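Asker: got a predicted model here, sequence first, then my questions.
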There are 4 protein chains.
Amino acid sequence: MKCSTFARLLITCPDQPGIVSAVTTFFYHHGANITMLDQHSTDPEGGTFFMRLEFQTPHLDMDRNVLTQAFDSAVASKFDMDWDISYASDLKKMAIMVSRHDHAMQEILWRNQRGELPAEITMVISNHPDMEAEVSHFNIPFHHVPVSKDNKAEAEAKILSILEGQADLIVLARYMQILSDDFVSHYPNRIINIHHSFLPAFAGANPYRKACERGVKLIGATAHYVTADLDEGPIIEQEVRRVSHRYDAEEMKEEGMNVERQALARAVKWHLEDRIIVQHNRTIVFN
Amino acid sequence: MKCSTFARLLITCPDQPGIVSAVTTFFYHHGANITMLDQHSTDPEGGTFFMRLEFQTPHLDMDRNVLTQAFDSAVASKFDMDWDISYASDLKKMAIMVSRHDHAMQEILWRNQRGELPAEITMVISNHPDMEAEVSHFNIPFHHVPVSKDNKAEAEAKILSILEGQADLIVLARYMQILSDDFVSHYPNRIINIHHSFLPAFAGANPYRKACERGVKLIGATAHYVTADLDEGPIIEQEVRRVSHRYDAEEMKEEGMNVERQALARAVKWHLEDRIIVQHNRTIVFN
Amino acid sequence: MKCSTFARLLITCPDQPGIVSAVTTFFYHHGANITMLDQHSTDPEGGTFFMRLEFQTPHLDMDRNVLTQAFDSAVASKFDMDWDISYASDLKKMAIMVSRHDHAMQEILWRNQRGELPAEITMVISNHPDMEAEVSHFNIPFHHVPVSKDNKAEAEAKILSILEGQADLIVLARYMQILSDDFVSHYPNRIINIHHSFLPAFAGANPYRKACERGVKLIGATAHYVTADLDEGPIIEQEVRRVSHRYDAEEMKEEGMNVERQALARAVKWHLEDRIIVQHNRTIVFN
Amino acid sequence: MKCSTFARLLITCPDQPGIVSAVTTFFYHHGANITMLDQHSTDPEGGTFFMRLEFQTPHLDMDRNVLTQAFDSAVASKFDMDWDISYASDLKKMAIMVSRHDHAMQEILWRNQRGELPAEITMVISNHPDMEAEVSHFNIPFHHVPVSKDNKAEAEAKILSILEGQADLIVLARYMQILSDDFVSHYPNRIINIHHSFLPAFAGANPYRKACERGVKLIGATAHYVTADLDEGPIIEQEVRRVSHRYDAEEMKEEGMNVERQALARAVKWHLEDRIIVQHNRTIVFN
């Protein structure tokens, strides 16, 4: 595994000459060795500047808080940056929300257990009680919060209170309830959803039946950040798998679930590793 | 290469017990060795029956016309079959229609020249004169039929007259004109089109720009039969390729073109090898 | 899910005219509706004939034993067939053998639990005790059979006795012991193994390190039947995933494990659905 | 298309703190806006440092020669760098060598014509005369240099003299002659070859027949730099495509050729865009 003596910096700002130089010079002067830097500008001039860098922390000449303040005043404020430093040794807190399909949740729990997804999973929340035993097996707290037409606002309020301080990231591992705009606004670019996806898209109910009837040859899944626009948030990762006329709608769905597991697990991993910057409605994924 | 002493039979009919037995017994009794048979029913009972078989012709005990009549009266009429026999030695006639992008046409001409696409390419028709030299290089007749808002019906009539008797299959290799329902009705399930395709779909103009703005991670293409519903006909083949935020819309388009070449070439190949049956709005592709 | 009122027939025999006719006529006369038939011959004449068919059993006019005898005398013996009928309602017994990596075993247990792999998992055998709790969670018997240089023959004898009558299929889900030829000979074409796989192959120890040093761009896995020749048996399924120079050997291994899960699960599924025929050192996979 | 007012810098050197800072500060001070920077170190400490950056040239405060000297003395010599700057406006010269299969050559000629591969193709050299007409069609000089057992050294000498000053890159588009170590030493990391590739590898003659007999499910191709070790040089790109038992060796070969076209075209593109650094026997591909 990777040692945890490193940190990652993500930056978004208006592009102008001198940014990379200013950032890297700052870190050099304070004892941080940069081991990976990936930078991208949207246009030759006047575009937006994105950067991710990883640096080693053992020889830093100041502690974290001071570093943060120093970087802010010496560099970030000068270039009008949105920026964030995270330390690999600080595991992010991750909450999972799920309904009745367990495949996506299982994949996340399991990869976390095997060390592939570096996070502290603080809880699983479900609108059904079905998964309790499954979740307990992983020694993770399970919260059953029923949701109905009548209690939706109340249920969301309860969920928000449970999540309070416990979730740097929320993973909707097939949580079949639509979250309100208000709920989403508490976790901007911090809720990841997974859904099936085809070429072309099939809107509405029974997408696999429609896909089967149209004879699609590729079954896909899209992992994206949740925004107020349902299923329209910035795409993080997509995956597909080939099917044929020999698959009925049920078998297409089965394949679809396996594709969802892969796309979701990778999207979560990249979020946890601070590889993603959201700009407008798209993502920059430094991988 | 495959020897050309074989034929292919495609059958669609209401499912009932005894069909495979009746068909294969007929061919056995007339000296045809079946070398490949692929059969598929949509439901355990009461569904639709689809079959493709390849048989060797050297030991047939009757000539083609007689065989056709015999099969029709002894088997096909009994089971209410849609059916067709084609002989590998009879190359299909293929016409290509193209506008200004040459990538899809080039791929088809080239694979045909190398023996991968067994057809006689009878002509290329374009609404622009640009491709004439390119097409001539392959010793294939080129027809320039300009199309404008005012002459569309007339242009289609002219194209139909040129195609008359010369096209078992029409390939729209990026022909940027919408064909009228009347035109399409002359070649049911015999016009193949290729278009870009994403998860999800991006309708309207500038799809690559929209895809780029949404940050899609997979660029795709769909080859399909043309029906009255534009871009909504039965899907034959789909292909995708991974892209990243490092691709601008122009580079996505470039990748998209390469994906189109592959999906279209395979769809055309399968049509030429009589591997496709259309049922309602989907295809059965026996490959 | 598929209803379980159907059966599958697999046939291998020397090719000659009349086989498909004889087989399908037999089933038709005995009330079996054929819902899927896939047949393949290796050569136009003088080759080998392979066939898989699925038929509905509710209207069969004889019981299973009689059907077996009748088919044998009326058809199979005449064409010198290797053949086998299995009924979807008879779940195959599957044993899993594993060492210390749990990913492949987990994937199989889980897909079985979700109904994707139709089998009765009778046991997990391991040369280490580590997986006991994990396996118990699925309510499956766990057998710890330590293997050392000195007790290998004895250990294999013990395993064979535990397996006796309990295994139509053995899945080596990363069982890191080499099985003796004698052991393998008890389960011909009934042991499936999974191993990493690259283009090109990297033999010997530390393959991921070697792959990383050579800068491979695709990480793969191969699922195959076990024969006396280690890792050289007939290939059932292969899968790959793209990696880059940004992956260290550890991360390549992690991706490799995820690829292994997919390739193995599909190979096991196809075996359980009687989709595989082995000919010499290759497989015919009717999927 | 990309504007051509930019340049690319590739650096390899022993890692140490301060390199990124020194490089980017240098370019900032001389008026170059960095629009893309990708940096990678092999280890947290004591590893090797790799970097690629793209910078805009319009506001440079010195001309190219002076910039080169200034960078060398102010930065490169201090960190013991292997480095190279190339300007997008200076098209690289590319020579193609081919034998009798035209697919790989065609793909390169064609993508170059369409603007996807930014290079000046200076010539095609072949040991057979077959391709002359094909190459002339693209208005590219064709040289026929026959090679036999007896004249190999002489033929290579002739080829080297034709190439003199005309080849920044040599593409072996299925050139079926083994180049001598001496020949290769004239173009280190500047000769790209393409060959078929399987999981596992099948050495020696008739690889597709062997692959077919083993029943491989994936057909692949590998593009790599040529070193003295035949087919063992640093891998640049790999691609695969799924096949089945329905493919005979000939059809596998056909698919293999299409896979080769894709892998080779991408490898050539990345070389032309200065995206590749070779370290020992592997590549860093900044894409």
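Answerer: Looks like it came in fine. Residues are numbered from 1 along each chain as shown, chains lettered A, B, ... in the order given.
Asker: enumerate the residues of the stretch 101-250 of chain A near chain C.
Answerer: Within the stretch 101-250 of chain A, the residues that sit near chain C (CB under 8 Å from any CB of the partner chain) are A:D102, A:H103, A:Q106, A:W110, A:R114, A:E116, A:H137, A:R246, A:E250. Just so you know, the C-beta spots here come from the backbone N, C-alpha and C atoms, and that holds for glycine as well.
Asker: which one among the residues you listed gets closest to D:L218?
Answerer: A:R246 (19.8 Å; CB to CB).
Asker: OK, contacts around the closest residue to that closest one other than its chain neighbours?
Answerer: Spatially, and ignoring its direct neighbours in sequence, A:R246 is nearest to B:H40 (6.6 Å; CB to CB, 6 or more residues apart in numbering or on different chains). Taking CB atoms under 8 Å, 6 or more residues apart in numbering or on different chains, we find B:H40 in contact with A:H245, A:R246, B:F49, B:F50, B:M51, B:I284, B:F286, C:M36.
Asker: thinking again about what came up before, could the residues of the stretch 101-250 of chain A next to chain C go into TSV alongside secondary structure, neighbour count and pLDDT?
Answerer: Output for these, formatted as TSV (DSSP: H, G, I helix; E, B strand; the rest coil; neighbours: other CB atoms under 10 Å in any protein chain shown; pLDDT from 0 to 100):
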residue	secondary structure	neighbour count	pLDDT
A:D102	coil	21	94
A:H103	helix	22	95
A:Q106	helix	21	96
A:W110	helix	19	94
A:R114	coil	14	91
A:E116	coil	20	94
A:H137	coil	12	92
A:R246	coil	15	87
A:E250	helix	12	85
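Asker: hey, where'd the helices end up in the stretch 151-287 of chain A?
Answerer: A:152-163, A:181-186, A:207-214, A:249-272 (DSSP state H, counting those that start in this stretch).
Asker: ok, the stretch 1-150 of chain A next?
Answerer: Under DSSP H, counting those that start in this stretch, the stretch 1-150 of chain A gives helices at A:19-29, A:64-71, A:77-79, A:103-113, A:132-136.
Asker: could you dump those to JSON lines with distance to B:D181?
Answerer: Shown next, in JSON lines, are the helices of the stretch 1-150 of chain A (distance: least, CB to CB, whole Å):
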{"stretch": "helix A:19-29", "distance to B:D181": "57"}
{"stretch": "helix A:64-71", "distance to B:D181": "64"}
{"stretch": "helix A:77-79", "distance to B:D181": "58"}
{"stretch": "helix A:103-113", "distance to B:D181": "44"}
{"stretch": "helix A:132-136", "distance to B:D181": "54"}
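Asker: circling back: now tell me which of the helices of the stretch 151-287 of chain A the model trusts least on average.
Answerer: The stretch with the lowest mean pLDDT among the helices of the stretch 151-287 of chain A is helix A:207-214, at a mean of 77.
Asker: please parse chain A into its domains.
Answerer: Split into domains by automatic domain parsing, chain A comes to A:6-87, A:92-285.
Asker: D:L169: which of the ones you listed is closest?
Answerer: Comparing the domains of chain A by CB to CB, domain A:6-87 comes nearest, at 25.9 Å.
Asker: look at the closest one and report the distance between its end residues.
Answerer: 6 Å (CA to CA, to the nearest Å).
Asker: run through the bridge partners of the residue nearest to A:R246.
Answerer: Beta-bridge pairing of B:H40 under DSSP bridges involves B:F50, C:M36.
Asker: quick revisit: could you say which of the helices of the stretch 151-287 of chain A is packed most deeply?
Answerer: helix A:249-272 (a mean of 22; mean count of other CB atoms under 10 Å in any protein chain shown).
Asker: who in the stretch 101-250 of chain A is up against chain D?
Answerer: So far as CB under 8 Å from any CB goes, the stretch 101-250 of chain A lies against chain D at A:R242.
Asker: quick check, the residue in the stretch 101-250 of chain A closest to chain B?
Answerer: Closest to chain B within the stretch 101-250 of chain A is A:G215: 2.9 Å, counting by CB to the nearest CB.
Asker: and the stretch 1-150 of chain A, by the same measure?
Answerer: Using CB to the nearest CB, the single residue of the stretch 1-150 of chain A nearest to chain B is A:H40, 6.6 Å away.
Asker: that residue and C:H128, how far apart?
Answerer: When distance is defined by CB to CB, to the nearest Å, A:H40 is 46 Å away from C:H128.
Asker: just checking, the residue of the stretch 101-250 of chain A closest to chain B touches B:N281?
Answerer: Yes - using CB atoms under 8 Å, A:G215 is in contact with B:N281, at 7.3 Å.
Asker: what are the bridge partners for the closest residue to chain D within the stretch 101-250 of chain A, then?
Answerer: Going by CB to the nearest CB, chain D is nearest to A:R242 of the stretch 101-250 of chain A, at 7.2 Å. Note on A:R242: beta-bridge partners by DSSP bridges are A:L218.
Asker: give me every residue that touches A:M176.
Answerer: A:S99, A:R100, A:N127.
Asker: can I get those in TSV including pLDDT, distance to A:F71 and neighbour count?
Answerer: Below are the contacts of A:M176 laid out as TSV (pLDDT from 0 to 100; distance: CB to CB, whole Å; neighbours: other CB atoms under 10 Å in any protein chain shown):
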residue	pLDDT	distance to A:F71	neighbour count
A:S99	96	42	18
A:R100	94	46	12
A:N127	97	42	19
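Asker: quick one: list the elements packing against the helix or strand of chain A with the lowest mean pLDDT.
Answerer: Ranked by mean pLDDT, DSSP states H and E, the weakest helix or strand in chain A is helix A:207-214, scoring a mean of 77. Other helices and strands packing on helix A:207-214, by 3 or more CB pairs under 8 Å, 6 or more residues apart in numbering or on different chains; DSSP states H and E, are strand A:191-198, helix A:249-272, strand B:282-285.
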